[in-house]
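Asks: Prediction below, plus the sequence it came from.
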Amino acid sequence: MTAQLIDGNVVARRLQDDIQQQAAAFEEKHGYPPGLGVILVGADPASQMYVRMKRRACKRVGLHSAAIELPEDATQEEVLAAVQQFNEDSKIHGILVQLPMPDQIDEEAVLSAVSLDKDVDGFHPVNIGALAMKGRTPTFTPATPTGCMVLIEEAGIDPSGKQAVVLGRSNIVGLPVALMLNEANATVTICHSRTPDASSYIREADILVAAIGKPNYVKANWLKPGVVIIDVGTNKVDDPSAEKGYQWVGDVDFEGAKDIAGAITIVPGGVGPMTITMLLSNTLKAAHRLAEG
Ligand SMILES: Nc1nc(=O)c2c([nH]1)NC[C@@H]1CN(c3ccc(C(=O)N[C@@H](CCC(=O)O)C(=O)O)cc3)C=[N+]21
Ligand SMILES: [Mg+2]
């Protein structure tokens, strides 16, 4: 074991303590707390759990939260009406549309309808566009990628001049984290399902962000000694010997990697708690912007 373990729970707790104090100061000054509006369409158990975790976190740090829950067969108009309701609600400063949404919903249209001032998920095309462009700064950046960047910083790593490899190109993690690493002056390679041999790129990586959702996909013998690994993968894997009958496994072979990497996040307890913390932080920021300009 040589790698520094990056514990997202510890970092998240510290940041949430700070958010709690700032939220209390905000409420003291304005007479109402920062508020998050969550829109959940359908009854997917994982999505329901994430929404519950986010609302519980709001409560813990003194943020108001409200939820609009719509049935699996909700129409586009109903989802847009929910967005509009939160857009117009002065007690709501941040809006989160839980993804994925059912197939009949046009996701881009819904995300584009979120007020730019309340886009705490950072998924509005204007915010993603500003993230991608030089000299433009998004108002909000997406929670999971921002959490990854904070953990890299916490590990004492400056991405500037480093080779960074991102596994995965999803709209919510892979693509934006690659843009953020680029912004931080890393040389960024994105590997995805059509990359013939991702291992050849991974071998050169000083920073590896894995977000493909394949348990233990990255093998220890692909790693450059000292690499900093941010493992976004949270894969539920059956394990009869575990108490619950399953365990959470990252995209990287943790047991092998911890003897080679310079630093590595733990799973669970790495990126997951940071995702929630960054959402809280963005909601606080949104409240300040809306209340104080
Ligand atoms: N609009 C939108 N914004 C999101 O931010 C968003 C989303 N949609 N859809 C789904 C994903 C997933 N997500 C997670 C949040 C916390 C943990 C988390 O805290 N996980 C714990 C483990 C949880 C457990 O114990 O079950 C951990 O990694 O330690 C994981 C995943 C946010 N998402
Ligand atoms: Mg930019």
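Replies: Arrived safely. Numbering: from 1, shown residues only. Ligands and ions are numbered 1, 2, ... in the order given.
Asks: In the stretch 1-150 of the chain, what residue comes closest to ligand 1?
Replies: At 3.8 Å from ligand 1, Leu99 is the closest residue in the stretch 1-150 of the chain, using CB to the nearest ligand atom. For the C-beta atoms, the positions are set from N, CA and C on the backbone; glycine is no exception.
Asks: any weak-confidence spans in the stretch 51-200 of the chain?
Replies: Counting by pLDDT under 70, the stretch 51-200 of the chain shows no low-confidence range.
Asks: Can you tell me which residues in it are near ligand 2?
Replies: With the criterion set to CB under 5 Å from the ion, the stretch 51-200 of the chain comes near ligand 2 through Met133, Arg136.
Asks: What's the end-to-end length of stretch 127-147?
Replies: Start and end residues of stretch 127-147 are separated by 17 Å (CA to CA, to the nearest Å).
Asks: same deal with stretch 137-156?
Replies: From its first residue to its last, stretch 137-156 covers 24 Å (CA to CA).
Asks: how far does that stretch sit from the chain's center?
Replies: Offset of stretch 137-156 from its chain centre (CA atoms, centre = their mean, to the nearest Å): 8 Å.
Asks: again, but for stretch 43-60
Replies: In this view, stretch 43-60 has its centroid 14 Å away from the chain centroid, taken as CA atoms, centre = their mean.
Asks: what does stretch 83-101 give?
Replies: Going by CA atoms, centre = their mean, where stretch 83-101 is centred and where its chain is centred differ by 18 Å.
Asks: Contact partners for Gly42?
Replies: When contacts are counted by CB atoms under 8 Å, 6 or more residues apart in numbering, Gly42 is found next to Leu70, Pro71, Glu72, Ala74, Met101, Pro102.
Asks: could you redo the last one with a cut-off of 6 Å?
Replies: When contacts are counted by CB atoms under 6 Å, 6 or more residues apart in numbering, Gly42 is found next to Glu72, Pro102.
Asks: Look up how far Asp73 lies from it.
Replies: Distance, Gly42 to Asp73, by CB to CB, to the nearest Å: 9 Å.
Asks: just Gly233 next, same as before
Replies: Distance, Gly233 to Asp73, using CB to CB: 31 Å.
Asks: higher neighbour count, these two?
Replies: Residue environment comparison for Gly233 versus Asp73 gives the larger neighbour count to Gly233, 25 against 10, counting by other CB atoms under 10 Å.
Asks: mind checking pLDDT for that one?
Replies: pLDDT for Gly233: 98.
Asks: what's the nearest residue to it if we skip its chain neighbours?
Replies: Excluding the flanking residues, the one nearest Gly233 by CB to CB, 6 or more residues apart in numbering is Asp251, at 3.2 Å.
Asks: Can you give me every residue that contacts that neighbour?
Replies: With contacts taken as CB under 6 Å, 6+ apart, Asp251 has the following neighbours: Ala210, Ile212, Lys214, Tyr217, Asp231, Gly233.
Asks: cool, Asp18 as well?
Replies: Going by CB under 6 Å, 6+ apart, Asp18 touches no other residue.
Asks: where's it, which helix or strand?
Replies: Per DSSP states H and E: Asp18 is located in helix 8-30.
Asks: Now the stretch 151-293 of the chain against ligand 2: closest residue?
Replies: Using CB to the ion, Glu183 is the residue of the stretch 151-293 of the chain that sits closest to ligand 2, at 5.9 Å.
Asks: now that residue: how far from Ala205?
Replies: 18 Å.
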